[in-house]
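> The sequence and its predicted three-dimensional model are supplied below.
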Amino acid sequence: MTPIPIAREEVPMPEWGDGVTVWVHGSTAREKNEHDAAMMNKDWSGVSKTKVKVQKERTVISSVRDESGGRIFSVEDIKVISEWPAYIVERIVKVADKLNGGETESESLAKNSGEAEQD
């Protein structure tokens, strides 16, 4: 079977300089599963409310890439990304969601989750 290319979209980032853009990539099925699984409690009993608090930052980390598809950010950048203006994070997350066909499973679970926080 021929590999199916993963969708990507160039997103302007004028806050970083005139003409600066980043590539926001969609996820492979494996990447999306890993992203969603990262939000679960250690015992897999539900979504970790602590981890959901950085859901959007994790989306930025997993989806923002350079021209050749390499990730620009890592989990060590969560704190820095969490201090960005919300509209910048939302711009990236909206494109990533669109490229992945909608909200992530962990976001959906978080909206419907009433369990106590566990980690």
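Done, it's in.

> what about residue 88, neighbour count?
16 (other Cβ atoms under 10 Å). Yep, even glycine has a C-beta here, placed from its N, CA and C like the rest.

> Can you list the buried residues in stretch 67-87?
Within stretch 67-87, the residues that count as buried by 16 or more other Cβ atoms under 10 Å are 73, 78, 81.

> Surely the last one and residue 75 touch.
Right, residue 81. No. Counting by Cβ atoms under 8 Å, residue 81 sits too far from residue 75 to count as a contact (10.0 Å).

> any shared contact partners between those two?
The contact sets of residue 81 and residue 75 overlap at residue 61 (Cβ atoms under 8 Å, 6 or more residues apart in numbering).

> so which strand or helix has the residue nearest the centre of the chain?
Compute the mean C-alpha point of the chain, and by Cα atoms, centre = their mean the closest residue is residue 59, 0.8 Å away. Here residue 59 sits within helix 55-63, counting by DSSP states H and E.

> what's that helix packed up against?
In terms of contacts (3 or more Cβ pairs under 8 Å, 6 or more residues apart in numbering; DSSP states H and E), helix 55-63 is packed against helix 29-37, helix 78-82, helix 86-99, helix 105-111.

> neighbouring contacts of that helix?
If you take Cβ under 8 Å, 6+ apart as the criterion, helix 55-63 is touched by 24-27, 31, 35, 38-39, 71, 73-75, 77-78, 81-82, 89-90, 92-93, 95-97, 99, 104, 106-107, 110.
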